[in-house]
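# need a 3D model of the following:
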Amino acid sequence: MKKRKILKQFIWQKWKFIDGFGSYFKISNLGNIKKIEKYVLFGSKYLWVLEHFLAKTKDKDGYEKVKIFYEGKRKNIFIHRLVAIAFLDNPENKPQITHKDGIKNNNKLKNLEWVINKENVVHSFNVLNRVGSHTGLLGVKNKASKAIIQFSKDGQFIKNWDSMADVYRNLKISTWAISACCKNIKSFNTAGGFIWKYK
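This is a model prediction of the structure:
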């Protein structure tokens, strides 16, 4: 029964040529890659190379990739990118691809979607159960935050703050601008009309 299911999948595979590699390689909607049979120049002779599937490997994070030799160059390409580029519309020109079920070697078309970085991060928490060490912690409770001091433009002390995020929530002053001020970045002597320093 299992063999019949696998055979059915291969019969219903859809194939497209991989952009940038002439008419030598094809990718399927199931994530398989094959080299087309044709005459290939080896040295001074042309040899007939039979159609065959390319071997897949995994990177350190578990994503599948394939090694393609073309015009004397070797390229390692992620399979999920090949599938998405060939089969998946991307009208908003999103730069990243995520595996919907979180399984990194499930490169079937129906399991892939184009995303922006923010969507990818949300997916990692909602689907992959990623847990951030500071998630949901505010101010002094967040170990990544730094206490800062607020001064007037003439250097008079105003207030101690547990974090830049606390300042933003209360005064709506950009945390980026406050950070630049604390780091003495040129042209950022003040932020929101105040001088800021790390405590």
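# need the helix or strand of this protein with the lowest average pLDDT.
Here the helix or strand of the chain ranked lowest by mean pLDDT, DSSP states H and E is helix 2-11, holding a mean of 51.
# tell me where the chain has helices.
Remark: helices assigned in the chain by DSSP state H are 2-11, 79-87, 117-126, 164-171, 175-182.
# which parts of the third one are buried?
What that stands for is helix 117-126. Neighbour counts over helix 117-126 (16 or more other C-beta atoms under 10 Å) mark residue 123 as buried. Where you see a C-beta, it was placed from the backbone N, CA and C, and this is true even at glycine.
# and what of the fourth one?
By neighbour count, and taking 16+ other C-beta under 10 Å as the criterion, the buried residues in helix 164-171 are 164, 165, 166, 167, 168.
# hmm, back to that, dump the helices of the chain to TSV, plus distance to residue 65.
Below are the helices of the chain laid out as TSV (distance: least, C-beta to C-beta, whole Å):
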stretch	distance to residue 65
helix 2-11	21
helix 79-87	6
helix 117-126	18
helix 164-171	39
helix 175-182	36
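# so which of those helices is nearest residue 23?
helix 79-87 (13.9 Å; C-beta to C-beta).
# pretty sure residue 63 contacts residue 78?
Yes - between residue 63 and residue 78 there is a contact under C-beta atoms under 8 Å: 5.6 Å.
# thinking again about what came up before, and which of the buried residues of helix 164-171 is nearest residue 155?
Using C-beta to C-beta, the buried residues of helix 164-171 come closest to residue 155 at residue 167, 18.2 Å.
# correct me, but the closest one touches residue 150?
Yes - contact status for residue 167 versus residue 150: in contact at 7.4 Å, counting by C-beta under 8 Å.
# now the common contact residues for the two.
Shared contacts of residue 167 and residue 150 (C-beta atoms under 8 Å, 6 or more residues apart in numbering): residue 161.
# okay, now the unreliable bits of this structure?
For the chain, applying pLDDT under 70 flags the ranges 1-11, 38-43, 46-49, 125-145, 186-187.
# can you pull out the strands in the chain?
15-17, 25-28, 33-35, 38-42, 45-49, 52-53, 56-58, 64-70, 73-78, 96-99, 112-115, 148-151, 157-161, 195-198 (DSSP state E).
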